[in-house]
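Asks: Give me a 3D structure for the following:
(2 chains)
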Protein chains: 2
Amino acid sequence: MKSEDLIANYLEKNKSRFIDELFELLRIPSISSLPENKNDMLAMADLWKHKLADAGADSTKIMPTEGNPVVYAEKIIDHSLPTVLVYGHYDVMPVDPAGLWKTPPFDPVIRDGKIYGRGADDDKGQSFIQAKAFEILVKTGLLKCNVKFMLEGEEETGSPSLGKFCEQNKDLLQADIIIVSDTGMVAADIPSITVGLRGLCYMEVEVTGPDRDLHSGIFGGAVANPANVLSKLIASLTDNDNRVNIPGFYDDVIEYTPAERNELSRVPFDIDKYKKSLGISDIYGETGYSTIERTGIRPTLDINGIWSGYTGEGAKTIIPSKATAKISMRLVPDQDHRKIALLFEEHFRKIAPASVKVTMTNLHGGQYYISPSEIPAYKAACRAYETAFGVTPVPVHSGGSIPIIPAFEQVLGIKTILMGFGLESDAIHSPNENFPLYNFYKGIETIIWFYIYFAELYRKNA
Amino acid sequence: MKSEDLIANYLEKNKSRFIDELFELLRIPSISSLPENKNDMLAMADLWKHKLADAGADSTKIMPTEGNPVVYAEKIIDHSLPTVLVYGHYDVMPVDPAGLWKTPPFDPVIRDGKIYGRGADDDKGQSFIQAKAFEILVKTGLLKCNVKFMLEGEEETGSPSLGKFCEQNKDLLQADIIIVSDTGMVAADIPSITVGLRGLCYMEVEVTGPDRDLHSGIFGGAVANPANVLSKLIASLTDNDNRVNIPGFYDDVIEYTPAERNELSRVPFDIDKYKKSLGISDIYGETGYSTIERTGIRPTLDINGIWSGYTGEGAKTIIPSKATAKISMRLVPDQDHRKIALLFEEHFRKIAPASVKVTMTNLHGGQYYISPSEIPAYKAACRAYETAFGVTPVPVHSGGSIPIIPAFEQVLGIKTILMGFGLESDAIHSPNENFPLYNFYKGIETIIWFYIYFAELYRKNA
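Replies: Numbering: from 1, shown residues only, chains lettered A, B, ... in the order given. Coordinates of the predicted model:
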């Protein structure tokens, strides 16, 4: 039987089991940022370990880290064959605002051809594509690579333990390439390979005025109101062209040439569809750049959260004692997240008035990543998409950050290929996260072909 | 026995009972803004009704309104005598942030000579001064006025039902003067009469961007972030001199003459004590005005609450769908709160970018009030303070608002004298609200003398 028939037959026979198994994963509320879900993290790791063993791994283990454990699995066929290291994460984001979910986030369902549930895409659904592609390769005898899996449980809180874990397990993790399914496609019919990721600098700032909430009548007008002050400070961080106003912020930003920008503009993009899909009447961003450029090659500054004072029903007349904001900046080559954190802190302290106290915490940071397009693995990925989708994939600069990807290169010396199958409409990190069944199955096919082509190209190169 | 001895004896004998009774009032969590405390409002009204009957009222009743009921009580001695209408409120503010209370807010205690508990000052403690002064006058035979009590249960939510209640009960409420204990004194040894109250315009604004929270990496830089936008809008509402930037806002503000400002500056004020009592390193406010002026005769704009996006632990990388703020303005003569609300809405809509939707709600409004100093009741109040404290009271412009006071004049045609006994350090509307025992007892004495002098002056005038 031809390879394509072997694959198609196996997939067709096992489709409903694959979904049942994915639902098992989706039912565990493995929210890494909430201490109350600690036990769910362990249950999640354990379930994944069994899934990978069932899929065909020879050896599986749950390895401790300083935080949540890593699930490791491998199938080593022959040391002369190339080795692929699959990275994914089994943790998910919180579900709030919980009230906006149409069905409970941890009670997965299929509606209109999509799997709904927290983690359906990010990253349980996408990691499971990797697991099931591996299973089919093993069970059909098509696997011609060594395979290692490393699934972590802290990606959504910034992978605080994984860098050290990699350093401590360099030998175990040796591979020729890392592949990751945790990114998106341009559209349902346009696959893409993510060749750029932005870096991240995430700060929390707290502005304190009086040592308690005050009556806004008796004190209003005479005492600095931390919420007013914080609003002014935040407002001053971006100018009228939506450029970041922190001195030195753009010093290391690589400006693209007109030719490079022209290349970027070839990514298909429908502004009306984009606006409609988000329910917005207009786009908004840095003057002089397109939407693709704003999210791909330009840095940002966004308020991720802000809170102060009375937030209940009706009118409470207080001057709040404190106001707090979470402020994150997405960074691009060659901005260093550590330097940006220092520039931010220095600037923020400078602009704050003497009448308030300011404290700042650097909650998270990570470098940008640029993926090379000349290596065999990239070419194998392109051919895999062409076979599965019948379309050449588009290289895209994603606006998101996966800070552990640049760390892999730094610590392990291995490049990463980002083969993601999500869509914008999957609503990751939001209520009603979903993942189309079409993308799930197409993803499995694509990853299978990646292994097949990668083994071929690797042999030729050797 | 002389009047002063009669009063002193009665007070001395009943001091501890007065505190016990006040504690009964303080134990009921009559938070008018929270629907879950609805039954507490009714229990509170009922307890007050009994307290006023016990104090000597001939007739008491709980009268329905469109919201929480009014407690009404009266003692009519002789229609040729002057009638005093006492106004107070039995509702209190919410207790949040609940974690900052040293002892539970509804479990009153005495610590260091102060009563601690929500409502200890505002306004259960102060209203109870009125009730106990009335009791002593009745029981010692010194009462030479008719007395009416009207206690409402919605002051902290802006007295939404009391205006209509007054209109429907004009005859019942007829009186020569209204007295209210719901304001403060300049210092523990400097009594004051509040001759001015600021008006209030309280708005809630909601800025909506995308129809759900978005991933701040994938969309950051290309979509208007409602929290960034709201911060910019709020920041633009005040200028670098801390003047309100809404066109027309100052059109009706009465500018004080140098002579009037000089008079105001005679109120004793210690800037270092002020800063220390609030835990602030510097004051802050409209350029060109003193702290007394900023809170007394100048309007303000304060954020009372703001919330958007992720407010939990750690780093969640979202662009929030919505951002909301509660924004209130304190107003001074001759600013009309209805006109200011319109100016605010018009301006805010104008400055909001097309990429977001803005909705606004006018949560509360009330006019400023100026109390006359030539009428017999004002003179009686001055003499009462002189007798009780040995000091002439200082006339002050309070920064706070009691919107029902100007409504009393409009609907009932009766002036109000504000005889309050609170201190800045009482922390009303804040955690650890308290009321010094000294102020409680001195307040009772002062109010007793007010009745005595008012009856005398009224007779002379007649």
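Asks: going forward, measure contacts and count neighbours with C-alpha atoms only.
Replies: Noted.
Asks: Grab the nearest non-local neighbour of the residue of the stretch 101-250 of chain A at minimum distance from chain B.
Replies: Nearest to chain B, among the residues of the stretch 101-250 of chain A, is A:Gly217, at 3.6 Å (Cα to the nearest Cα). Excluding the flanking residues, the one nearest A:Gly217 by Cα to Cα, 6 or more residues apart in numbering or on different chains is B:Gly400, at 3.6 Å.
Asks: repeat for A:Ala53
Replies: Distances taken as Cα to Cα, 6+ apart place A:Thr60 nearest to A:Ala53, at 6.4 Å, with adjacent residues excluded.
Asks: Break down the stretch 201-350 of chain A into its helices, ranges please.
Replies: For the stretch 201-350 of chain A, the helices defined by DSSP state H, counting those that start in this stretch occupy A:226-235, A:258-264, A:271-278, A:291-296, A:337-351.
Asks: wait, isn't A:Ser277 in contact with A:Ala427?
Replies: No. Between A:Ser277 and A:Ala427 there is no contact, the gap being 10.4 Å when judged by Cα atoms under 8 Å.
Asks: can you list the domain ranges for chain A.
Replies: A:3-197+A:368-461, A:200-251+A:299-364, A:254-295 (automatic domain parsing).
Asks: Single out the most deeply packed of these.
Replies: Most buried of those, by mean neighbour count (mean count of other Cα atoms under 10 Å in any protein chain shown): domain A:200-251+A:299-364, with a mean of 22.
Asks: Just the endpoints, please. Distance across it?
Replies: 7 Å (Cα to Cα, to the nearest Å).
Asks: And for stretch A:86-94?
Replies: Termini of stretch A:86-94 sit 25 Å apart (Cα to Cα).
Asks: Tell me the residues of the stretch 51-200 of chain A that contact chain B?
Replies: A:Met93, A:Glu156, A:Thr157, A:Arg198 (Cα under 8 Å from any Cα of the partner chain).
Asks: Could you single out the nearest of those residues to B:Ser33?
Replies: A:Met93 (33.5 Å; Cα to Cα).
Asks: In contact with whichever residue of the stretch 1-150 of chain A sits closest to chain B, which residues?
Replies: Chain B sits closest to A:Ser33 of the stretch 1-150 of chain A, with a gap of 7.0 Å, by Cα to the nearest Cα. Listed by Cα atoms under 8 Å, 6 or more residues apart in numbering or on different chains, the contact set of A:Ser33 reads A:Met93, A:Pro94, A:Glu156, A:Thr157, B:Glu313, B:Gly314.
Asks: Tell me how far it lies from A:Pro247.
Replies: 33 Å.
Asks: can you give me the offset of stretch A:196-212 from its chain's centre?
Replies: 20 Å (Cα atoms, centre = their mean, to the nearest Å).
Asks: A:Val92 is in contact with A:Asp122, isn't it?
Replies: Yes. With contact defined as Cα under 8 Å, A:Val92 reaches A:Asp122; the gap is 7.0 Å.
Asks: Next up, the contacts around the residue sitting furthest away from the middle of chain A.
Replies: What lies farthest from the middle of chain A is A:Ile218; by Cα atoms, centre = their mean that is 47.9 Å. In this structure, A:Ile218 makes contact with B:Thr295, B:Ser398, B:Gly399, B:Gly400, judged by Cα under 8 Å, 6+ apart.
Asks: Which of the residues you listed fall in strands?
Replies: The subset of the contacts of A:Ile218 located in strands under the criterion DSSP state E is empty.
Asks: For the stretch 151-300 of chain A, which residues score under the pLDDT cut-off?
Replies: Judged by pLDDT under 70, the stretch 151-300 of chain A has no weakly predicted residues.
Asks: Distance of the closest residue to A:Lys114 other than its chain neighbours relative to B:Ala388?
Replies: Leaving aside its chain neighbours, A:Lys114 sits nearest to A:Pro436 (4.0 Å; criterion: Cα to Cα, 6+ apart). Distance of A:Pro436 to B:Ala388, computed by Cα to Cα: 79 Å.
Asks: where in the stretch 351-462 of chain A is pLDDT low?
Replies: A:462.
Asks: Tell me where it has helices.
Replies: According to DSSP H, counting those that start in this stretch, the helices that the stretch 351-462 of chain A contains are A:376-389, A:404-412, A:437-461.
Asks: Turn those into JSON lines, columns for distance to B:Asn240.
Replies: Conversion of those to JSON lines gives the following (distance: least, Cα to Cα, whole Å):
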{"stretch": "helix A:376-389", "distance to B:Asn240": "55"}
{"stretch": "helix A:404-412", "distance to B:Asn240": "43"}
{"stretch": "helix A:437-461", "distance to B:Asn240": "54"}
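Asks: Can you say which of those is nearest to B:Leu11?
Replies: helix A:404-412 (73.9 Å).
Asks: and the closest one, anywhere near chain B?
Replies: No. Contact of helix A:404-412 with chain B (Cα under 8 Å from any Cα) is absent, the minimum separation being 15.0 Å.
Asks: And the contacts of stretch A:360-368?
Replies: Outside of stretch A:360-368, the residues within contact range by Cα under 8 Å, 6+ apart are A:158, A:196-206, A:331-338, A:341, A:345, A:401-404, A:406, B:314-315.
Asks: Who does the strand or helix carrying A:Ile179 pair with, and is each partner parallel or antiparallel?
Replies: Assigned by DSSP states H and E, A:Ile179 belongs to strand A:177-180. Using DSSP bridges, strand A:177-180 pairs in its sheet with strand A:83-89 (parallel), strand A:416-418 (parallel).
Asks: Which one, of the ones you listed, ends up nearest to A:Lys232?
Replies: strand A:83-89 (38.3 Å).
Asks: how about the nearest residue to A:Ala427, chain neighbours excluded?
Replies: Nearest to A:Ala427 is A:Glu433, by Cα to Cα, 6+ apart, at 4.6 Å.
Asks: Make TSV out of the contacts of A:Ser33 and add distance to B:Leu26.
Replies: As requested, these are exported to TSV (distance: Cα to Cα, whole Å):
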residue	distance to B:Leu26
A:Met93	43
A:Pro94	40
A:Glu156	47
A:Thr157	45
B:Glu313	35
B:Gly314	39
